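Engineer: Here is my input; please provide its structure:
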Amino acid sequence: MRALRECRLYGIIDLGYIPQGRDCNRVAEQMITGGVDLIQLRGKGKSIDELVDLASEIHEITAPSDTPLIINDYAEIAARVSVEGVHVGQDDDSIHVARQKAGRDLIVGKSTHSLAQANAAQAEGADYVGFGPIFATPTKPDYEPIGLDGIRHANLNVGIPIFCIGGINIDNLQRVIAAGAKRVVMVSALLKAHSIVDYARCATDMLA
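Structural biologist: Numbers count the residues shown, from 1 in each chain. The predicted model follows:
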């Protein structure tokens, strides 16, 4: 499996952005072809059983490429599908509880919205943190953007991989990198791209 520290571009298959008839498996294939290093499945409002079925199908695609598949929120899915990790938010299960629900050791990442939260997640045992939202984003409309200033401080103070998230796209990616980001998450920009493959390749070239 690809090591987290080697990962640069994190793609999220958010079911809220995938139109009717568009295949999650095809999206996963396109992400991998484009060079996405890490993929998360996020399905707010979907049942556990629905997500188990989707995760199982997507994992058949990600596993041969050694691309870790992360499940958002529901650690119990990792007890039923051999995904590589789980991602939790500030109001979700603790890192310890997530691993207990999964019933095995696996990657656990945590969403953080400040340097203090990022440090706390590291102390709690997170393997990586999502840090943001850097810019305003329709994916998390209730969160105030934290801006670019905290990225360098986070990289200096937090020892685990930091993935900057929130409104990041090709047009502002260079500013995010210049602010100190080494790893980023893309959601709507990637999913809504005319070509996911080309968009991902452009981003990975910039992050190289």
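Engineer: residue contacts, residue 101?
Structural biologist: By C-beta atoms under 8 Å, 6 or more residues apart in numbering, residue 101 lies in contact with 75, 76, 78, 79, 93. Any C-beta I mention is one placed from the backbone N, CA and C, and that applies to glycine too.
Engineer: give me that answer again for 7 Å
Structural biologist: 75, 76, 79, 93 (C-beta atoms under 7 Å, 6 or more residues apart in numbering).
Engineer: any idea which helix or strand carries it?
Structural biologist: Per DSSP states H and E: residue 101 is located in helix 95-102.
Engineer: What pairs with the helix or strand following that helix, parallel or antiparallel?
Structural biologist: Downstream of helix 95-102, the first helix or strand assigned by DSSP H and E is strand 107-112. Counting by DSSP bridges, the strands paired with strand 107-112 are strand 85-88 (parallel), strand 128-131 (parallel).
Engineer: Rebuild these as CSV, extending it with mean pLDDT.
Structural biologist: Output for the strands paired with strand 107-112, formatted as CSV (pLDDT from 0 to 100):
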stretch, mean pLDDT
strand 85-88, 98
strand 128-131, 98
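Engineer: got a markdown table for the ones you listed, with mean neighbour count and distance to residue 172 too?
Structural biologist: Below are the strands paired with strand 107-112 laid out as a markdown table (neighbours: other C-beta atoms under 10 Å; distance: least, C-beta to C-beta, whole Å):
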| stretch | mean neighbour count | distance to residue 172 |
| --- | --- | --- |
| strand 85-88 | 25 | 23 |
| strand 128-131 | 26 | 15 |
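Engineer: Export these as a markdown table, with columns for distance to residue 105.
Structural biologist: A markdown table is the format used below for these (distance: least, C-beta to C-beta, whole Å):
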| stretch | distance to residue 105 |
| --- | --- |
| strand 85-88 | 10 |
| strand 128-131 | 15 |
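Engineer: who wins for proximity to residue 159 among these?
Structural biologist: Nearest of those to residue 159, taken as C-beta to C-beta: strand 128-131 at 10.6 Å.
Engineer: then the closest one to PDB, C-alphas only?
Structural biologist: Included here for strand 128-131 are C-alpha records, laid out as PDB according to Å, rounded to 0.1, in the frame of the first residue of the first chain:
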ATOM      1  CA  TYR A 128      -3.000  12.300   9.100                       C
ATOM      2  CA  VAL A 129      -5.100  15.400   9.300                       C
ATOM      3  CA  GLY A 130      -7.300  17.300   6.900                       C
ATOM      4  CA  PHE A 131      -6.600  21.000   7.400                       C
END
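Engineer: After that strand, which helix or strand is next?
Structural biologist: Next element after strand 128-131 (DSSP H and E): helix 149-157.
Engineer: Export only the CA atoms of that next one, formatted as PDB.
Structural biologist: Output in PDB follows, covering the C-alpha atoms of helix 149-157 (Å, rounded to 0.1, in the frame of the first residue of the first chain):
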ATOM      1  CA  ASP A 149      -1.600  31.800   6.700                       C
ATOM      2  CA  GLY A 150      -1.900  28.800   9.000                       C
ATOM      3  CA  ILE A 151      -0.500  26.200   6.500                       C
ATOM      4  CA  ARG A 152       3.200  26.900   7.200                       C
ATOM      5  CA  HIS A 153       2.600  27.000  10.900                       C
ATOM      6  CA  ALA A 154       0.800  23.700  10.700                       C
ATOM      7  CA  ASN A 155       3.700  22.100   8.700                       C
ATOM      8  CA  LEU A 156       6.200  23.300  11.200                       C
ATOM      9  CA  ASN A 157       4.300  22.100  14.300                       C
END
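Engineer: Since that was my last question, I'll sign off now.
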